[in-house]
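1. Structure of the sequence below:
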Amino acid sequence: MAEHIGRRIRHLRRSAGLTQEQLAERSNVSLDVIARLEQQRKHSARLPTLHALAHGLGVEVTALMGDPPAIQGNGAADPPQLVAVRRAIMPPLIGMPPEPTDAGAVSLAAVRAELAECWTLYHSAAFSELMTRLPDAITNARLLASAGTPDQRAAGQAALGKALQLGGHLAIRLGKTDLALTSLERAYAAAGASSDPLLGPMVSNSVAWAYQRQNRLNDATGVAVYAADSVERGRIESTEQLRVWGGLIMSAATSAARSGDYDQADTMMTTAEKATEKLAKLPPLEDGRMVSVFNRSSVRIERVRLAVQHGRPEEAISLAKGMRLSRDTPPSWRTWLLLDVARAHADVGNAEGAVKAMESLRRVAPGWMRHHTLAVAIVTDLLNKSNHPSGLAALARFLNIAE
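-> Numbers count the residues shown, from 1 in each chain. Alright, predicted model coming up:
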């Protein structure tokens, strides 16, 4: 069962040798909020509050957010799967050179197909299988980037950039943001040597996400805005350009919201949502699995998330009402939407609505749900109220929560 956020805060506070009063002073968060969280009388907090607490505790915000990692950490040495991913991202600096491999035995088409499947695994939260397949995908892409004609090497660099970008995303999900930034730095270098002008901006979006997780919100905003401007300097004429630009605007909006400027974030999200109307006028992508996620559904899902995280549950419910997800919306986005809707209903006291959303979440991503702190916190919070709607007891048993 995932740990309640209040327990995490208490553990980190005590490890830092701080009293609740000292943490309140260092983070500029009220003592009452800290006490209610630690006593588990409050199931979560707004994102600006979590960022402030993380700053006061001297930790990354991922230590508090309860994002389910690809591997559950227990303080032991890295498992072999993670070691293999590390080694693929960062080959040994010193030692015997690797055995020579015939570059002709690896085709660009095969590597691209494998990478597309790996991105599908990532968006489906199939992290264990992804960690098994990603090292070979990175190694093969690196081989293509070093052999052949200049055009072939440039195409190989593009494949390598996408492979290392995925390595960065996976590392973020593991809570390893330093490894993520190493992978993304190498992805950005590969993008610069590639034949894909949009790869650099896409990697920049991933870098902004990593900075958000490290509470480097100004850096995250700056990276996203700079990359969006680079895409918009020329006329946006393709679906790929629009999706990359839109993803960057969403990222900048998220950073603004987490910095406490919800109005600016809402304005940017509204602009992004209006821009999705242009997608219907552009040719659809044959395979968009390796291009930034950007459509009307993704923008609306992110707007729901920001509204929930900033104490506007009624607005979140209104935004989510009647939403139909676009066909190219990854499963992981639907997962987050259901959790955010459940939290919004819980925040307005609609236990039945919260349970209904949690039941849908259980059907869509049962394993993910078991390990998510917020999912457990919502059900725990509902159990502590007098009204127990049908289905709540079954959810509690599923999450191993005692009634």
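
2. what's the pLDDT at A2?
-> Looking at A2, its pLDDT reads 49.

3. same for the longest helix belonging to the chain, what does it pack against?
-> When the chain is parsed with DSSP state H, its longest helix is helix 150-173. For helix 150-173, the packing partners by 3 or more Cβ pairs under 8 Å, 6 or more residues apart in numbering; DSSP states H and E come out as helix 80-89, helix 108-123, helix 127-145, helix 177-192, helix 199-213. For the C-beta atoms, the positions are set from N, CA and C on the backbone; glycine is no exception.

4. low pLDDT regions in the chain?
-> Filtered on pLDDT under 70, the chain yields the residue ranges 1-4, 43-47, 60-63, 65-77, 96-104, 234, 402-403.

5. Verify the stated contact: A190 with A158.
-> Yes - look at A190 against A158 with Cβ atoms under 8 Å: they come within range, at 7.4 Å.

6. Identify the contacts common to the two.
-> L199 (Cβ atoms under 8 Å, 6 or more residues apart in numbering).

7. Which one's more surrounded, those two?
-> A190 (27 against 24; other Cβ atoms under 10 Å).

8. Pick the most deeply packed of the helices and strands packed on helix 150-173.
-> Stretch with highest mean neighbour count among the helices and strands packed on helix 150-173: helix 199-213 (a mean of 24; mean count of other Cβ atoms under 10 Å).

9. Output that one as PDB, nothing but the C-alphas.
-> Coordinates of each C-alpha in helix 199-213 appear next as PDB, following Å, rounded to 0.1, in the frame of the first residue of the first chain:
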ATOM      1  CA  LEU A 199      13.500  16.800 -31.900                       C
ATOM      2  CA  GLY A 200      15.400  19.500 -29.900                       C
ATOM      3  CA  PRO A 201      12.200  21.300 -28.900                       C
ATOM      4  CA  MET A 202      10.600  18.000 -27.900                       C
ATOM      5  CA  VAL A 203      13.600  17.100 -25.700                       C
ATOM      6  CA  SER A 204      13.400  20.600 -24.200                       C
ATOM      7  CA  ASN A 205       9.800  19.800 -23.100                       C
ATOM      8  CA  SER A 206      11.100  16.700 -21.300                       C
ATOM      9  CA  VAL A 207      13.900  18.800 -19.700                       C
ATOM     10  CA  ALA A 208      11.200  21.300 -18.500                       C
ATOM     11  CA  TRP A 209       9.300  18.400 -16.900                       C
ATOM     12  CA  ALA A 210      12.500  17.200 -15.100                       C
ATOM     13  CA  TYR A 211      13.100  20.700 -13.800                       C
ATOM     14  CA  GLN A 212       9.500  20.900 -12.600                       C
ATOM     15  CA  ARG A 213      10.200  17.700 -10.500                       C
END
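
10. Tell me the first helix or strand C-terminal of that helix.
-> As assigned by DSSP states H and E, the chain's next helix or strand after helix 199-213 is helix 217-232.

11. what separates whichever helix or strand comes after that next one from the chain centre, distance-wise?
-> The first helix or strand that comes after helix 217-232 along the chain, using DSSP H and E, is helix 239-258. Centroid separation for helix 239-258 versus its chain: 13 Å, with Cα atoms, centre = their mean, to the nearest Å.

12. before we move on, back to that, pipe the helices and strands packed on helix 150-173 into JSON lines and attach distance to I34 per row.
-> Formatted as JSON lines, the helices and strands packed on helix 150-173 follow (distance: least, Cβ to Cβ, whole Å):
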{"stretch": "helix 80-89", "distance to I34": "33"}
{"stretch": "helix 108-123", "distance to I34": "35"}
{"stretch": "helix 127-145", "distance to I34": "32"}
{"stretch": "helix 177-192", "distance to I34": "25"}
{"stretch": "helix 199-213", "distance to I34": "22"}
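
13. Select, out of those helices, the one closest to A375.
-> Ranking the helices and strands packed on helix 150-173 by distance to A375, with Cβ to Cβ as the measure, places helix 127-145 first at 17.1 Å.
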